[in-house]
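> sequence first, then the predicted structure, then my questions.
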Amino acid sequence: MRRKLIAGNWKMNNTPEEARALLAELLPLIKGASCDVAVCPPAVCLETVYKAVSGAISLGAQNMHWEAKGAFTGELSAAMLLAVGAAYVILGHSERREYFGETDETVNRKTRAAIASGLIPIVCVGESKQQRLNGYTNAYVAYQTKIALTGLSAEQVRSIVIAYEPIWAIGTGLVATDEQANETIGVIRAALREAYGGAADDARILYGGSMNAANARGLLNQPEIDGGLIGGASLKAADFAKIITDASNIA
Ligand code: 13P
């Protein structure tokens with residue numbers, strides 16, 4: 001049985017002071033949650049968040065470099081993220097692919113480096129609106145998934161998290177239907193099964209894209225959907241808490 005994971009991707013929002021205020025509101029609302037919870041704040045807030053949640057929530061970063069150190073201005077290594085308490089790292093988010101030139105190959109390098117260091121990658125995949133309209137969704141997400149995980153062993157794949165985030169649903173208010181999300185996540189799991197056998201049944205695959213307090217329950221009730229990667233709604237304590245409560249009631 002896969003344990004549900006609700007992860008908040010704060011993107012480029014919240015200073016350390018704002019982060020503390022949001023968590024002070026959130027923490028009392030999610031006492032007794034029985035799903036896994038993570039927040040992924042901007043790098044400048046990682047240490048603040050780690051201290052503020054004192055173990056109640058896991059910490060995730062939004063990106064990292066694949067090299068251990070060196071002349072990579074503006075980048076952070078896996079060891080640096082671990083040193084401030086991160087357990088997860090989001091890799092290959094579509095915003096990074098679109099605005100910062102990330103490719104399936106760099107996402108693969110990062111994924112291998114994260115796993116090797118002991119961080120749990122949350123690898124993002126997802127099709128554009130045009131790809132869905134043209135009927136390429138299944139082939140594309142299966143391809144993205146396989147490239148991102150190239151070089152990993154089945155054992156390593158067991159602990160990985162994948163986030164299926166259709167690009168057309170991110171920040172648009174257009175959410176995939178429960179059935180669409182479940183079906184595409186099933187395709188991703190089938191691609192994992194083909195490459196890694198039974199490890200596919202342990203890897204968690206989240207849905208992300210305009211998931212909110214009102215629609216989370218239906219999505220989380222789908223058999224293939226192991227949780228959510230939540231953007232906008234993770235910035236509002238009551239909304240994020242509601243999603244965590246819904247996941248806990250299903251788990
Ligand atoms: P929204 O929930 O704001 O659509 O963002 C989803 C996302 O990109 C999470 O990584």
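That came through, no problem. Numbers count the residues shown, from 1 in each chain.
> ok, the residue nearest to the spatial centre of the chain - contacts?
What sits nearest the mean C-alpha location of the chain, by Cα atoms, centre = their mean, is Ile122, with 4.3 Å. Ile122 is in contact with 7, 40, 60, 88-91, 161-163, 206, 229, counting by Cβ atoms under 8 Å, 6 or more residues apart in numbering. Every C-beta, even on glycine, is put in place using the N, C-alpha and C of the backbone.
> tally of neighbours for Met1?
Applying other Cβ atoms under 10 Å, we find 6 other residues in the vicinity of Met1.
> spit out the contact partners of the closest residue in space to Gly232 that isn't next to it in sequence.
Excluding the flanking residues, the one nearest Gly232 by Cβ to Cβ, 6 or more residues apart in numbering is Gly171, at 6.5 Å. By Cβ under 8 Å, 6+ apart, Gly171 lies in contact with 210, 231-232.
> quick one: secondary structure of the residue nearest to Ala237 when sequence neighbours are not counted?
Leaving aside its sequence neighbours, Ala237 sits nearest to Glu25 (Cβ to Cβ, 6+ apart; 3.8 Å). Under DSSP: H, G, I helix; E, B strand; the rest coil, Glu25 falls in the helix class.
> tell me, how many residues neighbour Glu25?
Glu25 sits with 14 neighbouring residues when counted by other Cβ under 10 Å.
> near the ligand, list only the ones from the contacts of Ile122.
Leu229 (Cβ under 6 Å from any ligand atom).
> top of the contacts of Ile122 by number of neighbours, please.
Busiest of the contacts of Ile122 [other Cβ under 10 Å] is Ala163, holding 30 neighbours.
> surely it and Gly208 touch.
Yes: applying Cβ atoms under 8 Å, one finds Ala163 in contact with Gly208, separated by 4.9 Å.
> what sits in contact with each of the two?
Shared contacts of Ala163 and Gly208, counting by Cβ under 8 Å, 6+ apart, come down to 124, 229.
> what's the distance between the residue nearest to the centre of the chain and the ligand?
Ile122 sits 9 Å away from the ligand, going by Cβ to the nearest ligand atom, to the nearest Å.
> paired strands for the one helix or strand that residue maps to, with orientation please.
Per DSSP states H and E: Ile122 is located in strand 120-125. When pairing is defined by DSSP bridges, strand 120-125 lines up against strand 88-91 (parallel), strand 161-164 (parallel).
> before I go, just wanted to say thanks for your time.
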